[in-house]
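Asker: Okay, predicted coordinates and the sequence, questions at the end:
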Amino acid sequence: MNQSNEYKPYVPADKVLPEITPVSIVLGILLAVLFGGANAYLGLRVGMTVSASIPAAVISMGVIRKILRRDSILENNIVQTIGSAGESLAAGAIFTLPALFMWAAEGGTETPSLVEIALIALVGGVIGILFMIPLRTALIVQEHGTLPYPEGKACAEVLMAGEEGGESASTVFLGLGVSAVYKFIADGLCIFPSEVDFEIKSYKGSGIGMDVLPALLGVGYICGAKVSSYLLAGGTLGWFVIMPLIALFGGDAVIYPGADPISSLNPYGLWRTYIRYIGAGAVAAGGIMSLIKSLPLIVRTFRQAVKGFGAKAGMSNRTTQDLSMNVVLIGIGVTAVFMWLCPVIPVNLLGAIIIIIFGFFFATVSSRMVGLVGSSNNPVSGMAIATLLISTMILKATGTIGMTGMIASISIGSVICIIAAIAGDTSQDLKTGFLVGSTPKNQQIGELIGVAASAVTIGGVLYLLNAAWEYGSEQLPAPQAMLMKMVVEGVMNGNLPWALVFSGVFIAVVVEILGIPVLPFAVGLYLPIHLSTPMIVGGLVRLYFEKKKNETEKERKRKVENGVLYSSGMIAGEGLVGIMLAVFAIIKVGDKSLGDIINLSETINLGNWGGLAIFAVLTASLYYIIVRKNK
């Protein structure tokens, strides 16, 4: 049943309020860069990102309502629309583009230029937004009441409860400040280790540890206990089952892809040499299975999109105005030709055709998927893996081989990944706008502004982080990009340890048969267990408050939302200080870097137990923020 005719937006269609203003554009761009950089750092460290829509909305209300004394919910909505675009573009870029830096470090190619990164990101972002525009009426309006778009709905509720915006914003800023100080003490001054590690001598091959960092605590809280437990289950299988078995049966043998005897490898060495490939197979299989299970939805949505692509959107009032179909079609055409002819973007005519075909297909998939399960569960990496497998095989079959073919394939995958991420984000933002009564056309312009601003800055962030720590290192494992790199190399060169990869594939099949969500389990298997353990702490804190008895539903919801806002601030704070420390790492003062100069670990070092104790204090601060009474 079409329920859209029954819905009356918060701001009526006949009421006009400020939307796109200089204030909303400037503040939106600042938040796009802020959350884009923070999410880039987070994704390169743990392989997942979080939605920035709600923290962007509350910061916007705090600044616009409390500081600037302006009062327009639609202006706030434009700020969060522009701001959240930065997070989505960063998510798409960091899943793929670091592979180019890794190949450059191996001597296979030149490091990608800032212009190349910016143009790839811009092209993917623009196409993702343009493809979403003709889907808006079918998915957001006609299926209102059927597709919930959870983040979009939650963001609308935050905006409509604007009188609480000032305090909500202060909670985000408090989390940001606490996290920034904590991160600087841990990884700047190095007074205690940010990674606590314990090797279990009596159970050879195994180990346990925890990255005692605020972003991981916050991600665990936002994802909840269920998703965090799946990640920990994957890590437990790798570090307490498979690695001890490899150590037991391997002995002094040297087994490919390793170059040293298994008996000489510590737990991290076993993980890096063998478990990563098993995890890669599981993640790839999980992504592809997610797509297969979604095929009925994909076909239905694709049919709707094709049917409605040429139809003109109703222009009877403000809340039904989209950018015109002429703008959409011409924009897509010009962007495709630009990709093909621009010498900076390593994509030929065949690659541009692949991007347009797969781009529209996966934009459609992404838009519907986030409507059902939310942006956090959108299988963007699965779409990217499927694209890379197919595009690499096509390029190899048509004679584009070697490093040239691999760079072209990663570039195609990057654009597709960004298209899928931005299409999902745009869908959530347009749902928020539909509920609060925004003008869709203005939101679509806002998305384009956010993408343009983020595309210009994301290259600088990627360069900075690589210069400080290098992708693939323990500080920045860049798990998703490493996976994409292995997929492309494996198809192009046939040099993957396929036995390990297929072991991961069949582990994923078993997990699917057991009814456990494959992707979070597979990501937990692929990443070091040190990243899953702090996340489960955050997840358990949230579970405690969600299951607490003798409280009203309203009070329970208030406490959980306090934790989400504080956690969002913690993620942003750590990301920003992480980028600042990257700057310190490359600034030379004499023969030392500034990062080495401020390092106090030789003077004060609290050790592993001190790190755990301070992480317990951080967790207690999360508990306090959750239970404190709102003014």
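Answerer: Received the coordinates, thanks.

Asker: Going by C-alpha atoms from here, please, whenever you check contacts or count neighbours.
Answerer: Will do.

Asker: Flag every buried residue along stretch 622-631.
Answerer: Neighbour-count burial for stretch 622-631 flags 622-623, 625-627 (criterion: 16 or more other CA atoms under 10 Å).

Asker: Please flag which of the residues you listed sit within helices.
Answerer: The helices in this structure, assigned by DSSP state H, contain 622-623, 625-627 from the buried residues of stretch 622-631.

Asker: and the residue nearest to residue 40 when sequence neighbours are not counted, what pLDDT?
Answerer: Counting by CA to CA, 6 or more residues apart in numbering, residue 90 is the residue found nearest to residue 40 once chain neighbours are left out, at 5.4 Å. You'll see residue 90 listed with a pLDDT of 85.

Asker: Residue 90 against residue 44, yeah?
Answerer: No. Contact criterion CA atoms under 8 Å: residue 90 and residue 44 do not qualify, at 10.1 Å.

Asker: Which one's more surrounded, these two?
Answerer: Neighbours per residue, other CA atoms under 10 Å: of residue 90 and residue 44, the larger number sits with residue 90, 33 against 26.

Asker: The more buried one: helix or strand, and which one exactly?
Answerer: Per DSSP states H and E, residue 90 falls inside helix 73-94.

Asker: After that helix, which helix or strand is next?
Answerer: Downstream of helix 73-94, the next assigned helix or strand under DSSP H and E is helix 98-105.

Asker: which strands and helices sit next to the helix or strand just after that next one?
Answerer: Remark: after helix 98-105, the chain's next helix or strand is helix 114-132, criterion DSSP H and E. Counting contacts by 3 or more CA pairs under 8 Å, 6 or more residues apart in numbering; DSSP states H and E, helix 114-132 packs against helix 73-94, helix 325-341, helix 349-373, helix 402-436, helix 440-469.

Asker: what does the second one rub up against?
Answerer: Okay, so that is helix 325-341. With contacts defined as CA atoms under 8 Å, 6 or more residues apart in numbering, helix 325-341 is touched by 123, 127, 130-131, 133-134, 310, 312, 345, 347-349, 351-353, 356.

Asker: One more: stretch 619-627?
Answerer: With CA under 8 Å, 6+ apart, stretch 619-627 has contacts from 171, 217, 538, 541, 559-560, 562-563, 566-567.

Asker: Quick one: closest of the helices and strands packed on helix 114-132 to residue 107.
Answerer: Residue 107 lies closest to helix 402-436 among these, at 10.7 Å (CA to CA).

Asker: For that closest one, list every residue counted as buried.
Answerer: Residues 405-436 are the ones in helix 402-436 that count as buried (16+ other CA under 10 Å).

Asker: Stretch 181-190 too?
Answerer: Judged by neighbour count using 16+ other CA under 10 Å, the buried positions of stretch 181-190 are 182-190.

Asker: worst average pLDDT in the helices and strands packed on helix 114-132?
Answerer: Among the helices and strands packed on helix 114-132, helix 349-373 scores lowest, at a mean of 80.

Asker: how near is residue 212 to residue 225?
Answerer: Separation of residue 212 from residue 225 (CA to CA, to the nearest Å) stands at 18 Å.

Asker: Between those two, point out the one with more neighbours.
Answerer: Neighbour count, other CA under 10 Å: between residue 212 and residue 225, residue 212 has more, with 29 against 21.

Asker: Quick check: which of the helices and strands packed on helix 114-132 is buried the most?
Answerer: With neighbours taken as mean count of other CA atoms under 10 Å, those reach their highest mean count in helix 73-94, at a mean of 32.

Asker: helices or strands up against it?
Answerer: Helix 73-94 makes packing contacts with helix 22-46, helix 53-61, helix 114-132, helix 150-160, helix 402-436, helix 440-469 when contacts are defined by 3+ CA pairs under 8 Å, 6+ apart.

Asker: how far out from the middle of the chain is it?
Answerer: Remark: helix 73-94 is offset 13 Å from the chain centroid, using CA atoms, centre = their mean, to the nearest Å.

Asker: Kindly export it (C-alpha atoms) in CSV.
Answerer: Provided in CSV are the C-alpha atoms of helix 73-94 (Å, rounded to 0.1, in the frame of the first residue of the first chain):
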residue,chain,number,x,y,z
ILE,A,73,15.2,23.0,10.8
LEU,A,74,15.7,22.9,7.0
GLU,A,75,19.0,24.8,7.3
ASN,A,76,20.2,22.3,9.9
ASN,A,77,19.1,19.5,7.6
ILE,A,78,21.2,20.9,4.7
VAL,A,79,24.2,21.1,7.1
GLN,A,80,23.9,17.4,8.0
THR,A,81,23.3,16.5,4.3
ILE,A,82,26.6,18.2,3.3
GLY,A,83,28.4,16.9,6.4
SER,A,84,27.5,13.2,6.0
ALA,A,85,28.7,13.2,2.4
GLY,A,86,32.3,13.4,3.6
GLU,A,87,32.0,10.3,5.7
SER,A,88,30.5,8.3,2.9
LEU,A,89,33.0,9.4,0.3
ALA,A,90,35.8,8.6,2.7
ALA,A,91,34.4,5.1,3.3
GLY,A,92,34.3,4.3,-0.5
ALA,A,93,37.8,5.7,-1.0
ILE,A,94,39.7,4.0,1.8
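
Asker: Next, the angle helix 22-46 makes with that helix.
Answerer: Going by axes from the mean of the first three to the mean of the last three CA atoms, to 10 degrees, helix 73-94 is angled at 30 degrees with respect to helix 22-46.

Asker: got the angle between helix 73-94 and helix 440-469?
Answerer: Between the axes of helix 73-94 and helix 440-469, defined by the same axes, to 10 degrees, the angle is 40 degrees.

Asker: I'd like to check the angle between helix 73-94 and helix 150-160, please.
Answerer: Here the directions of helix 73-94 and helix 150-160 differ by 150 degrees (the same axes, to 10 degrees).

Asker: hang on, residue 41 packs against residue 573?
Answerer: No. In this structure residue 41 lies outside contact range of residue 573 using CA under 8 Å: 10.9 Å.
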